[in-house]
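**Student:** After the sequence you'll find the predicted model.
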Amino acid sequence: MTLKQTLEFYELLDDAHIDGAQVAEKFYGRDHTKVSRDRVTGSKGFTDVLKIEIVGTQGKAQGGSAPTLGVIGRLGGIGARPARIGLVSDADGAIAALAVADKLATMAAKGDRLAGDVIITTHICPNAPVRPHKPVDFMDSPVTTAEILGYEVDERCDAVISIDTTKGNRFLNQRGVAISPTVKQGYILHPAEDLLRLMEFVSGEPALCLPLSTADITPYSNNLYHINSIMQPATATDAPVVGLALTTQVAVPGCATGASHETDIAYAAKFCIEVAKAYGRGECDFYDAEQFNGLVAHYGSMQHLVTDPMQA
């Protein structure tokens, strides 16, 4: 059950005065849980980045060898004040990530600890700007994507799930949650079979897959068309990254209020929890290593695709 956590964090974040410190308070002092907060300031304001670590029984934090899963709640901001009043659709990624952290912390305190560590990151900004985009406007961020990725992507993670509202497109016209193909070091690989299986177990329905173009996995700074920022973590890590997209049947702006679907957010959080359980046990692969190595052997490195053109 993750609907309870989803509703609680929806209400907590739906506040013009919310900041990262108030959210972090929810995690201080909890068993097997670590939390940190960093305020990041840019030309358009500031945001508070939260990192919540759930320590596993056999994870690296305790000297173990179980793999570490990263869960990133991707967004520009949870609110677009003063242009919009209330929580925006773009907040879905943050709510889902926080619901994951809260549920895993509760499970750990009750004795249901995972084998591997899980590192959850997101950021809290109730006053982010709006950015023009077709077919609908996006949420912007008070800091650049490159700046925020330095906090969101943790080098300890062996695989990453990036959760993001992905409603402002006409490529996937179905409401629910979809996974992207796995992206690793500039290659778009086929969707992971283990993840598809877990998604179908959680939903009881056929899995949805988000289509990607090459431009979607390149840095935002190149000014090319991106479906959104869901795959930006793949430009900051060599670990495999999978996008977890909250979708709709029609194009919905990220800056729209009243456009979040609580049951879909809870579904995304529940999927992440099931992946975390299986991944820490070594029972869930994000990609086929043989296929990836074959691509590199035949066609070489694709790292140039994830290089920031502003830094090249």
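**Tutor:** Nice, thanks for sending it over.
**Student:** how about low-confidence regions in the stretch 151-300 of the chain?
**Tutor:** Nowhere does the stretch 151-300 of the chain drop to pLDDT under 70.
**Student:** would you list every one of the helices in it?
**Tutor:** With DSSP state H, counting those that start in this stretch, the ranges of helices along the stretch 151-300 of the chain come out as 193-203, 262-280, 289-299.
**Student:** Now find how far off-centre the second one is within its chain.
**Tutor:** Read that as helix 262-280. In terms of CA atoms, centre = their mean, to the nearest Å, the centre of helix 262-280 is found 11 Å from the chain centre.
**Student:** And it, what's buried?
**Tutor:** 264-280 (16 or more other CB atoms under 10 Å). Any C-beta I mention is one placed from the backbone N, CA and C, and that applies to glycine too.
**Student:** by how many degrees do that helix and helix 193-203 diverge?
**Tutor:** Put simply, helix 262-280 runs at 140 degrees to helix 193-203, going by axes from the mean of the first three to the mean of the last three CA atoms, to 10 degrees.
**Student:** What values do phi and psi take at Lys51?
**Tutor:** phi -130, psi 120 (degrees, to the nearest 10).
**Student:** Burial check on it, number of neighbours?
**Tutor:** 20 (other CB atoms under 10 Å).
**Student:** That one touches Ile120, doesn't it?
**Tutor:** Yes - if you go by CB atoms under 8 Å, Lys51 and Ile120 touch, sitting 7.4 Å apart.
**Student:** what number of residues lie near Leu295?
**Tutor:** Burial of Leu295 is recorded as 17 neighbouring residues (other CB under 10 Å).
**Student:** And the strands in the stretch 151-300 of the chain?
**Tutor:** Using DSSP state E, counting those that start in this stretch, the strands of the stretch 151-300 of the chain run over residues 159-165, 176-179, 183-184, 187-188, 208-209, 241-247.
**Student:** Can you say which of those strands is packed in most?
**Tutor:** Mean neighbour count (mean count of other CB atoms under 10 Å) peaks for strand 159-165 among the strands of the stretch 151-300 of the chain, with a mean of 29.
**Student:** just the CA coordinates of that strand, formatted as PDB?
**Tutor:** In PDB, the C-alpha atoms belonging to strand 159-165 read as follows (Å, rounded to 0.1, in the frame of the first residue of the first chain):
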ATOM      1  CA  ALA A 159      21.100   1.400 -11.400                       C
ATOM      2  CA  VAL A 160      18.700   4.300 -11.400                       C
ATOM      3  CA  ILE A 161      14.900   4.800 -11.800                       C
ATOM      4  CA  SER A 162      14.000   8.400 -12.900                       C
ATOM      5  CA  ILE A 163      10.400   9.200 -12.100                       C
ATOM      6  CA  ASP A 164       8.800  12.100 -14.000                       C
ATOM      7  CA  THR A 165       5.500  13.400 -15.200                       C
END
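**Student:** Residues contacting that strand, please?
**Tutor:** Contact with strand 159-165 is made by 67, 69-75, 89-93, 96-97, 153, 228-234, 237, 239-246, 254, 268, 272, 275, 279, 286, as judged by CB atoms under 8 Å, 6 or more residues apart in numbering.
**Student:** and stretch 273-290, how far apart are its ends?
**Tutor:** Start-to-end span of stretch 273-290 (CA to CA, to the nearest Å) is 27 Å.
**Student:** Verify the stated contact: Ala80 with Val130.
**Tutor:** Yes - if you go by CB under 8 Å, Ala80 and Val130 touch, sitting 5.3 Å apart.
**Student:** With neighbour numbers in mind, choose between the two.
**Tutor:** More crowded of Ala80 and Val130, by other CB under 10 Å: Ala80, with 28 against 19.
**Student:** how close does that one get to Pro240?
**Tutor:** From Ala80 across to Pro240, the span is 32 Å (CB to CB, to the nearest Å).
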